[in-house]
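In: compute the structure for the input listed below.
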Amino acid sequence: MKSNVFKAVCMTLLSLNFFSCKQKTTVRNSTNDSDIKNHHVIITYLTVGNKPKDSGTSEMLEKLNERLTKLVNAELVIYYIPWNNYQTNYNLKLAEKDGSIDLIGTGTDWLDAWKNVGLGNFMPLSDDMIKTYAPKTWESVSSEHWDVCRLDGDIYFCPEDNYTQWTNHGFMYRLDWAKEAGLNGVHSWEDMTKYLSFVKKEKGIIPWDSNGASSTFHPEGYIQSKSDFVIVDGITSTNMFGVTRGNLRKFYSPLYEGNEFIEYARLMRKWNESGFWHKNVLTDNGGNRNNRDEFCTGLSGVEQHHSQTWYTQVYKKLKENIPGADSGFFWFGEESQNVVYQTITHGAMAISAASKHPERALMVYDLLRNDKECYNLINYGIEGRQYKMNSSGYREAVQGANGIVTNYWWGRNDKLEVRDSQTAWDVFDSINATYNACKIDYPFSQLVWNLSNVSSELDAVANVYGQYMGNICYGQIADTDSYVEKFRNDLRNAGIEKIISEFQKQLDSFYSNKK
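Out: Just a heads-up that it's a prediction; the model follows:
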């Protein structure tokens, strides 16, 4: 859901004052039975993703809107922000505040949720408003979790806190090929290098048919593996800043200091020279190629994404396509047993500050999250049309049917989930056990960083990141060490030390207030 290294260049909204822009919105608690009965409304839901071209989603919405009309006299329309340059376009759309959207899918770690709070793009919600118009959601979310979504007493979004997923990233690889290469699986970056070398030499394919959009997860993935780095959310979408598990009180940037980033850059140069990706990787947009599909058909050696993608979309598909094939997952942080369970606001639903119908929007959200019929429709489609239940009680796609694309990642509910036949549930249980044995919960869910004092520096640092990172991630520069040194000098000139100092003060204050 979050993979474009160059998105940092476009984060111009960082230059705006964060807290001075935060505005209080007067919420009308005026919706009543008479208003619902006599006033049919359209609720527009904004999500990230490409608009579907087929009719499956439209058919589902027609069915869903019959129920929404019956229950709250409202209908749902979906507004899609395409993946291409999504971060910038998402923020620009929210900033319009023209009343054209109501429900907004957001996240504190990848969709600038707190920044948009500061910019006045989300409506502040009182406890009473949520209790009145989204009562089932209010009851299902603990007070501690609501507090994670508060600022100055108001709630700004509903967290997706009752859905089990692992969105930590890593490499899916062919376990059967790794064994051919003499490896007992891939469990380190050194193992991965040996594995990719084997694929290149023995399988006669490009080991990773990657493109420039895939590089954003590399630096922190390597650094998490070689250290105990913990990314902090809510500052930038480039994952440049954080702390360590060994010292949660010291704020730093491993891209600016330490040896891990230098080692990573050297390794990526080696991978480039070894031909692990296409020579024109930074300019090749992939055309009609899709590395995930290629991996599942034996035409690529690795696929980089998160754990959930592996056990829900790839594991069984590979086995079905290639008898005897098997896959493993090398997760970033495996070497150091360093994994952080995501914040409960990785996915969350907000109300636009300019929504004309915020109360009805909450009613609709409450149904999407808690009403079984609405939940199944928005997540799976129409039973018998888009999906069916097999004899084992698992959900299966109807062959030949147009699927649905709603990208509803903001209110999923384990109590209503219908397990699908394509997910490897034994693998899910196994990886859960592995992660649970060494994970820590995200330590700063209730820390809202104030960006106002360093907004221009953050903007400048983001631009430096965008200028250099593609070349570093894909090993395009021969003199790697000098290039990293120049990158760090430019970060210094852009104000990264002021940024680190500012957030160290805020981190100190956070711990001081916890006493």
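In: switch to C-alpha atoms for all contacts and neighbour counts from now on
Out: Will do.
In: and Glu75, that one's in a strand?
Out: Yes: per DSSP: H, G, I helix; E, B strand; the rest coil, Glu75 lies within a strand segment.
In: so it touches His39, yeah?
Out: No: between Glu75 and His39 there is no contact, the gap being 11.6 Å when judged by C-alpha atoms under 8 Å.
In: which one of those two is surrounded by more residues?
Out: Taking neighbours as other C-alpha atoms under 10 Å, Glu75 and His39 compare with Glu75 leading, 22 against 12.
In: wait, what's in contact with the more buried one?
Out: Going by C-alpha atoms under 8 Å, 6 or more residues apart in numbering, Glu75 touches His40, Val41, Ile42, Ile43, Leu64, Asn65, Glu66, Leu68, Thr69.
In: around the fourth one, how many other residues sit close by?
Out: When neighbours are defined as other C-alpha under 10 Å, Ile43 has 24 of them.
In: hmm, Leu64 is touching Asn379, no?
Out: No: if you go by C-alpha under 8 Å, Leu64 and Asn379 don't touch, sitting 10.9 Å apart.
In: of the two, who's got more company?
Out: Using other C-alpha under 10 Å, the more surrounded residue of Leu64 and Asn379 is Leu64, with 23 against 19.
In: element containing that one, please.
Out: Leu64 belongs to helix 56-72 when assigned by DSSP states H and E.
In: then Met172?
Out: With DSSP H and E as criterion, Met172 is part of strand 169-174.
In: so which bits of that strand are buried?
Out: His169, Gly170, Phe171, Met172, Tyr173, Arg174 (16 or more other C-alpha atoms under 10 Å).
In: what helices and strands are in contact with that strand?
Out: Strand 169-174 makes packing contacts with strand 302-306, strand 327-331 when contacts are defined by 3 or more C-alpha pairs under 8 Å, 6 or more residues apart in numbering; DSSP states H and E.
In: list the helices and strands the first one packs on?
Out: Identification of packing neighbours for strand 302-306 by 3+ C-alpha pairs under 8 Å, 6+ apart yields strand 169-174, helix 291-296.
In: strands along the stretch 401-515 of the chain, start to end?
Out: In the stretch 401-515 of the chain, the segments counted as strands under DSSP state E, counting those that start in this stretch are 440-441.
In: output the below-cut-off pLDDT ranges for it.
Out: Low-confidence segments of the stretch 401-515 of the chain (pLDDT under 70): 515.
In: need the helices for it, in chain order.
Out: Secondary structure of the stretch 401-515 of the chain (DSSP state H, counting those that start in this stretch): helices at 425-438, 455-473, 480-494, 496-514.
In: pick the most deeply packed of the ones you listed.
Out: Of all the helices of the stretch 401-515 of the chain, helix 455-473 has the most neighbours on average by mean count of other C-alpha atoms under 10 Å, namely a mean of 22.
In: where does the prediction get shaky in this structure?
Out: 1-31, 213-217, 285-287, 515.
In: one more time with 80, if that's ok
Out: 1-35, 211-218, 237, 284-288, 342, 445-446, 514-515 (pLDDT under 80).
In: including distance to Ile500, could the contacts of Glu75 go into JSON lines?
Out: Rendered in JSON lines, the data for the contacts of Glu75 read as follows (distance: C-alpha to C-alpha, whole Å):
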{"residue": "His40", "distance to Ile500": "50"}
{"residue": "Val41", "distance to Ile500": "47"}
{"residue": "Ile42", "distance to Ile500": "45"}
{"residue": "Ile43", "distance to Ile500": "41"}
{"residue": "Leu64", "distance to Ile500": "48"}
{"residue": "Asn65", "distance to Ile500": "49"}
{"residue": "Glu66", "distance to Ile500": "52"}
{"residue": "Leu68", "distance to Ile500": "48"}
{"residue": "Thr69", "distance to Ile500": "51"}
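In: quick one: buried ones out of the residues you listed?
Out: Buried members of these, scored by 16+ other C-alpha under 10 Å, are Val41, Ile42, Ile43, Leu64, Asn65, Leu68, Thr69.
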